[in-house]
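Novice: fold the following, please.
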Amino acid sequence: MVDRDSLYQELKDDLQTVAEPLFDFACEQVTKRGAFLPVGSKLSVDRKASLVAAAPDNNMTSSDIVLPLLVAALTRSAEAADAVALCEWVKIEVSGGKQTDAVKVHAQHKRGLTVAFYIPAKKSVFRGWQFGEMMVKAADPIVASWPGKDA
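Specialist: Numbering: from 1, shown residues only. Prediction:
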């Protein structure tokens, strides 16, 4: 059995490919608007990343409403994908126990590895939004059971 660190090294390119467009979108939205609604992406078997979005039937929406819809859309997308990712605006604890805003990309590969990438963000009065160094942590799966995957 392959350990988590070895599997991460093996799948790192796939996870970055599915995460990068989400970070680009999210950082742009934070810079322009100060926040964003959750958005996802999938990595097709031909190694192309595409965005996945979800919205309720009415015009009233929030992250709490969009998130479960997006998870359902990513679960449906997983059947034809090697990886899926979910991006959201969160609060994280950094050194010294202080909380800060962050862009979180929760990425899952069909081979069983799930990680969360975080980029801390801080708003400066004179310089606008500033983004910190990326952090990576092990995470729970987005898709509970990968469609078509042998048990």
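
Novice: now the residue nearest the centre of the chain, what's its secondary structure?
Specialist: Centrality entry for the chain: nearest residue to the mean C-alpha point is Val105, 2.3 Å, by Cα atoms, centre = their mean. At Val105 the chain is in strand, as set by DSSP: H, G, I helix; E, B strand; the rest coil.

Novice: is it true that it touches Trp89?
Specialist: No. Using Cβ atoms under 8 Å as the test, Val105 is too far from Trp89 to be in contact (11.1 Å). Bear in mind the C-beta positions are built from the backbone N, C-alpha and C, glycine included.

Novice: how about the closest residue to Gly128 other than its chain neighbours, secondary structure?
Specialist: Spatial nearest neighbour of Gly128, chain neighbours left out: Thr31 (6.5 Å); criterion: Cβ to Cβ, 6 or more residues apart in numbering. For Thr31, the assignment made with three-state DSSP gives helix.

Novice: mind pulling up the pLDDT for Thr31?
Specialist: Per-residue pLDDT puts Thr31 at 94.

Novice: in terms of contact, does it touch Arg127 like I think?
Specialist: No. The pair Thr31 / Arg127 is not scored as a contact, 11.0 Å apart, by Cβ under 8 Å.

Novice: great, nothing more from me.
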